[in-house]
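In: attaching a predicted model along with its sequence, questions to come.
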Amino acid sequence: MTTRAALPGSDRVPNVLSIAGTDPSGGAGVQADLKAFSANGAYGMSAVTALVAQTTTGVAEVREVPPEFVTAQLTTLLDDVRVDAVKIGMLANAEVIRAVVAVLDRYAPPHVVLDPVMVAKSGHRLLADEAVAVLRDELLPRVDLITPNLPEAADLLGEPEITGSAEMAAQAQRLADLGAKQVLLKGGHLRAEPASADLFRGDGEVRWLRSERIDTANDHGTGCTLSAAIAALRPRRSDWATAVRDGKDYLTGALRAAERLDVGRGHGPVHHFHRWW
Ligand SMILES: Nc1ncnc2c1ncn2[C@@H]1O[C@H](COP(=O)(O)OP(=O)(O)O)[C@@H](O)[C@H]1O
Ligand SMILES: Cc1ncc(COP(=O)(O)O)c(N)n1
């Protein structure tokens, strides 16, 4: 086993792991994560939690991977490869969450980002209802950054969904009170607001990340892309605030570049373009 650390400024390529479900149409889940890792200069790896028959028009069917096989994928990988950052997406159920928690406890990988995926844009549940409490109580305190959208934040807190950006700072504080070390609260669901603004709450700081709202139907996998880009960038950035800002810029560019795609008839994917990281 190697002990070399991935330092900011080093030209060694970071090894970044996605723990997530699949999307055969390539817009969300593991497929999106691997593209975002590559595009942001990381070496991408993945462990699959669920096989999802989905496309731009929605989710048809889900086959959950047995938790012991999620463990097998992760321990086999982590016994061989040094991992510099982890992005966690769809976890499907409480048993898979507990399998991932046990692996995090055993290997203590650095820079863990949790996108608490609960419901697909099409409305299909990707996390069992009863697993939300397990995610909140057992996984959330163990990760470095959580990136909920507004419905997910409301579910984690057991409160109604907020309807304006003025309430986002107080809600991010309540998520921090649950044990989240850093929070990126995504405001994409506030369609009435002119800009697409997310709130970052780090160690003693709160900052807004604003971007123009792009007029596009290609918003499938935006959350996956953002959290994966942040995980890919974090080993090369000196702090979370910088990685989050650069990840958001990457997503905005990928949303803009989506106008050149022609993929499916529903909510299309974003376009991952390689850039100088
Ligand atoms: N039309 C858009 N233009 C610019 N940014 C967007 C647009 N739609 C979503 N985003 C950004 O994409 C990210 C994820 O969006 P959001 O819808 O909040 O989460 P999720 O994809 O997890 O449901 C956020 O950073 C949000 O601000
Ligand atoms: C495997 C997987 N993970 C996450 C999402 C959420 O993405 P979106 O909210 O854009 O549907 C998804 N549809 N599928």
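Out: It's in. Ligands and ions are numbered 1, 2, ... in the order given.
In: what about residue 189, neighbour count?
Out: If you count neighbours by other CB atoms under 10 Å, residue 189 ends up with 14. Where C-beta positions appear, they are placed from N, C-alpha and C, glycine not excepted.
In: over to residue 192?
Out: Residue 192: 7 surrounding residues under other CB under 10 Å.
In: what's the answer for residue 245, then?
Out: Around residue 245 there are 17 other residues, counting by other CB under 10 Å.
In: next: residue 188.
Out: Other residues lying near residue 188 total 17 when counted by other CB under 10 Å.
In: do residue 197 as well
Out: The number of residues packed near residue 197 is 19, by other CB under 10 Å.
In: need the residues of the stretch 1-150 of the chain near ligand 2, please.
Out: 20-23, 28-29, 52, 54, 89-90, 117, 120-121, 126 (CB under 6 Å from any ligand atom).
In: repeat that for 8 Å
Out: Within the stretch 1-150 of the chain, the positions near ligand 2 by CB under 8 Å from any ligand atom are 20-23, 27-30, 32, 50, 52, 54, 59, 89-90, 115, 117, 119-122, 124, 126, 149.
In: was I right about residue 33 contacting residue 228?
Out: Yes: look at residue 33 against residue 228 with CB atoms under 8 Å: they come within range, at 4.0 Å.
In: mutual contacts of these two, please.
Out: Taking CB atoms under 8 Å, 6 or more residues apart in numbering as the criterion, residue 33 and residue 228 both touch 18, 87.
In: what's the closest non-adjacent residue to residue 207?
Out: Closest residue in space to residue 207, ignoring its immediate chain neighbours: residue 200 at 5.2 Å, by CB to CB, 6 or more residues apart in numbering.
In: surely the one you found is in a strand?
Out: Yes: membership of residue 200 in a strand is supported by DSSP: H, G, I helix; E, B strand; the rest coil.
In: in this structure, where's the longest strand?
Out: Taking DSSP state E as the criterion, the chain has its longest strand at strand 43-55.
In: quick one: strands adjacent to it?
Out: Using DSSP bridges, strand 43-55 pairs in its sheet with strand 15-21 (parallel), strand 58-64 (antiparallel).
In: after the last one, next one along is what?
Out: The C-terminal neighbour of strand 58-64 among helices and strands, as given by DSSP states H and E, is helix 67-80.
In: can you tell me the average pLDDT over that next one?
Out: Averaged across helix 67-80, the pLDDT comes to 98.
In: for it, buried residues please.
Out: 67, 70, 71, 73, 74, 75, 77, 78 (16 or more other CB atoms under 10 Å).
In: which residues touch that helix?
Out: The list of residues contacting helix 67-80 from outside it, by CB under 8 Å, 6+ apart, reads 17, 19, 45, 47-49, 83, 93, 95-96, 98-100, 102-103, 106-107, 109.
In: do the helix with the most length in the chain and ligand 2 meet at all?
Out: Secondary structure of the chain per DSSP state H: the longest helix is helix 240-257. No: residues of helix 240-257 contacting ligand 2 under CB under 8 Å from any ligand atom: none, with a closest distance of 11.8 Å.
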